[in-house]
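> no sequence on hand, only this structure:
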């Protein structure tokens, strides 16, 4: 955010009457890629603002969307679409994955706490029977209304 | 008020027309000590433990349905929220199998702390028991309840979202009697910039959309289910997080020209068609001061004000005088051990669109119980048909601004009540209006409409490349000629706009019949919206029942030619408010393209 000394009257002009005086006026600005390391999750660019590891994305890493300032936190989930004949339970067992949800051909595997999620995603995506993958996250800011 | 007590036989007599029934006032049946104060069920002008009462008749109108014993039997409502005290004495009788506590990973759902009160209040509005001699009652006091503490911090994972929104993990019998037909979501986000609605870059959107469509259309033997969602509480002020100042509120000293900071179409979930979005009205029969509004609002229901100077909603609370809403500042007269609530198990300060949504969820449960054969599409049609015009003389909101040529001009940003070409009344504040349970049940019981086959068309891309003059009513315009014949339920658009001040933009869609729907009101709180709109999605119900064939016109108008001042309130004690400035765009924006698709019937 930029702080500027701007004559307030000049800013609001005819919008509404205010006392002509010089006050500190701030301007909110979105996050830019200069604000931190840029990373790509599910094909979209984010700025990494807080992470347990400097090098890799792990569960709990906090990211911000460069374009909209939307904040997300990685949950450690990997959402996987499996080929229709694949049994998720058997698939998980055979590949030593922690299956936490399955319905039809959609399975969700939970990564261990400090596992690098991009590496984990790449490993799972290479397995036979995997159609596509997405790294799971929580969009921050959900509130009771 | 002229109150007539009429024998049930007379009430249900087939000879009574709907109009005749609508003109008769019925008392709420007694049996719960707080029910006389529950204005949202029967507004007699009672104060509801606040300083004053509201306007008689501004309520859910449930009396006749309850008198007829139509109270939600056989319908389970899922409360997706914080913790729910499912063992509360006024909820336990309606608890059904299926609740899940994601924090403890067990079916033992309960508040996680004495301040985890929201879910218990929401559940009580839906289905607290009737005629048991304690507390008040819900809109659907015989509906079943299950709960999920999804919105508790740490629980908001994709797996938990799926589990709580009807996509039970394999192994759960989804067609079981207790599988919810109604899902209540009294939660949402406040947006400071437009979001894109793009499956490529946000695959979770597709996951969620497909889940809600499947649950809506295929469960319960095809009769389906309905997701109800709160519109949000961002009309007058909104939460805002600044990287340096932290989290606080923002507002405008000029009340933002009377326009909403949060338009319901900013929240992606509210634009996806599968969520039936509810705004809130108060005991005076006017929009609650905080309620977010917009063209994707379907109906309105009581949310009240704050329960101090005017009524909020009376509902179940976390048990105990040191828990729930009791310790809140500015307690009202009910709190702290009132003779009607000696154990402090109820609150009179629940409010928000969080309260409006469960009123609607309860109403839907009652409608479904009146006629279990109704499909989700039928229920939507019943609500659109029977909801009543509230605050009938509301003039809408006109925005006056100095245009780029220095002239003072006016733009009608929110219309007064309009009647569309199919005869449906619509207002961006209230959707089709205030839910009227008795009218809806009356129609539901004898419902014989064949709405036709539900259709969701593909998106059609329209290239525009039209400049949006800064601060000028002329705007940018683009048209699309639709050759598909169908009856519209809702229209969904996505826009691609280059602009560095999206707050300035009004977006309107005009149907072949000439109905205008403002799908994005200008002067929203999109303070950070300097990257334009990329596939930003909006939904409108304004064209319900109209024919889709013909020319559709999209207009984008830039309504500001100057910088604007606003206030940031850091909210933390001792910190002064901060004067902020929002910069006008220095170049004209461009409407690059947009796409459109229809939800309707053939």
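Everything's here; your move. The model shown is predicted, which means the values in this text are computed figures rather than measured ones.

> got the buried residues for stretch B:500-510?
B:501, B:502, B:503, B:504, B:505, B:506, B:507, B:508, B:509, B:510 (16 or more other CB atoms under 10 Å in any protein chain shown). C-betas here are computed from N, CA, C, even on glycine.

> dihedrals phi and psi, the first one?
Its backbone dihedrals place residue B:501 at phi -150, psi 80, with angles given as degrees, to the nearest 10.

> for the buried residues of stretch B:500-510, which one is nearest chain A?
Checking those against chain A with CB to the nearest CB, the nearest one is residue B:502 at 10.3 Å.

> look up how far residue B:529 lies from the closest one.
Applying CB to CB, to the nearest Å, the value for residue B:502 to residue B:529 is 3 Å.

> between these two, which contacts overlap?
Residues touching both residue B:502 and residue B:529 (CB atoms under 8 Å, 6 or more residues apart in numbering or on different chains) are B:193, B:194.

> which regions of the stretch 201-350 of chain B sit below the pLDDT cut-off?
Low-confidence segments of the stretch 201-350 of chain B (pLDDT under 70): B:329-330.

> in it, which spans are strands?
B:226-230, B:238-242, B:246-251, B:275-281, B:297-302, B:313-316, B:346-350 (DSSP state E, counting those that start in this stretch).

> which of the ones you listed sits closest to residue B:368?
When the strands of the stretch 201-350 of chain B are compared by CB to CB, strand B:226-230 sits nearest residue B:368, at 8.5 Å.

> in CSV, list the buried residues of stretch B:500-510 along with pLDDT and secondary structure.
Shown next, in CSV, are the buried residues of stretch B:500-510 (pLDDT from 0 to 100; DSSP: H, G, I helix; E, B strand; the rest coil):
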residue, pLDDT, secondary structure
B:501, 97, coil
B:502, 98, helix
B:503, 98, helix
B:504, 98, helix
B:505, 98, strand
B:506, 98, strand
B:507, 98, strand
B:508, 98, strand
B:509, 98, strand
B:510, 98, strand
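
> who's in contact with the closest residue to residue B:525 other than its chain neighbours?
Leaving aside its sequence neighbours, residue B:525 sits nearest to residue B:261 (CB to CB, 6 or more residues apart in numbering or on different chains; 3.6 Å). Residues counted as contacts of residue B:261 (CB under 8 Å, 6+ apart) are B:234, B:235, B:236, B:237, B:238, B:250, B:251, B:252, B:523, B:524, B:525.

> and the strand ranked longest in chain A, how far from the chain's centre?
Identified as the longest strand of chain A according to DSSP state E is strand A:71-82. Relative to the mean C-alpha coordinate of its chain, strand A:71-82 is positioned 9 Å out (CA atoms, centre = their mean, to the nearest Å).

> now stretch B:426-442
Distance, centroid of stretch B:426-442 to centroid of chain: 12 Å (CA atoms, centre = their mean).

> can you list the strands that the longest strand of chain A pairs with?
The pairing partners recorded for strand A:71-82 under DSSP bridges are strand A:62-65 (antiparallel), strand A:106-110 (antiparallel), strand A:130-139 (antiparallel).

> got the domain ranges for chain B?
Using automatic domain parsing, the domain parsing of chain B gives B:8-232+B:267-386, B:454-601.

> near chain A, anything from the longest one?
Yes - if you take CB under 8 Å from any CB of the partner chain as the test, domain B:8-232+B:267-386 does meet chain A, through B:81-82, B:118, B:151, B:156-159, B:162-163, B:167-170, B:186-190, B:192-196, B:200-204, B:207, B:230-232, B:352-354, B:357.

> in strands, which of those appear?
Going by DSSP E, the strands hold B:187, B:188, B:230 from these.

> and the pLDDT for residue 14?
Going with chain A. pLDDT for residue A:14: 39.

> um, chain B though
39.

> buried ones in stretch B:412-419?
For stretch B:412-419, the buried set under the neighbour-count rule, 16+ other CB under 10 Å, comprises B:413, B:414, B:415, B:417.

> can you tell me the element residue B:86 falls in?
Using DSSP states H and E, residue B:86 maps to neither a helix nor a strand.

> OK, contacts around it?
B:92, B:95, B:99, B:109, B:110, B:123, B:145, B:147.

> residue 122: which element?
In the absence of a named chain, this looks at chain A. Going by DSSP H and E, residue A:122 is part of helix A:117-125.

> switch to chain B, that's the one I care about
Here residue B:122 sits within helix B:118-127, counting by DSSP H and E.

> who does that helix touch, helix- and strand-wise?
strand B:76-80, strand B:144-148, strand B:313-316, strand B:346-350, helix B:353-370 (3 or more CB pairs under 8 Å, 6 or more residues apart in numbering or on different chains; DSSP states H and E).

> nearest residue to the middle of chain A?
In chain A, the centroid-proximal residue (CA atoms, centre = their mean) is residue A:72; its distance is 3.6 Å.

> show me what that one is bridged to.
Counting by DSSP bridges, residue A:72 is bridged to residue A:63, residue A:139.

> can you check the one 5 residues further on too?
In this structure, residue A:77 bridges to residue A:110 when assessed by DSSP bridges.

> could you count how many residues lie near it?
23 (other CB atoms under 10 Å in any protein chain shown).

> ok, now which ones touch it?
Residue A:77 makes contact with A:100, A:108, A:109, A:110, A:111, A:135, A:136, B:157, B:158, B:159 under the criterion CB under 8 Å, 6+ apart.

> what's the pLDDT at the fifth one?
Spelled out, it's residue A:111. Residue A:111 is given a pLDDT of 97.

> wouldn't it be in contact with residue A:117 here?
Yes - with contact defined as CB atoms under 8 Å, residue A:111 counts as touching residue A:117 (5.9 Å).

> shared neighbours of these two, anything?
Counting by CB under 8 Å, 6+ apart, the residues touching both residue A:111 and residue A:117 are A:58, A:59, A:76, A:78.

> from what I see, the first one and residue A:75 are in contact.
Read it as residue A:58. No - using CB under 8 Å as the test, residue A:58 is too far from residue A:75 to be in contact (11.0 Å).

> who has more neighbours, those two?
Between residue A:58 and residue A:75, residue A:75 has the larger neighbour count (other CB under 10 Å), namely 23 against 20.

> contacting residues for that one?
Contacts of residue A:75 by CB under 8 Å, 6+ apart are A:59, A:136, A:137, A:138, B:156, B:157, B:158.

> quick one: pLDDT of the third one?
The reference is to residue A:137. Reading off the model, residue A:137 has pLDDT 95.
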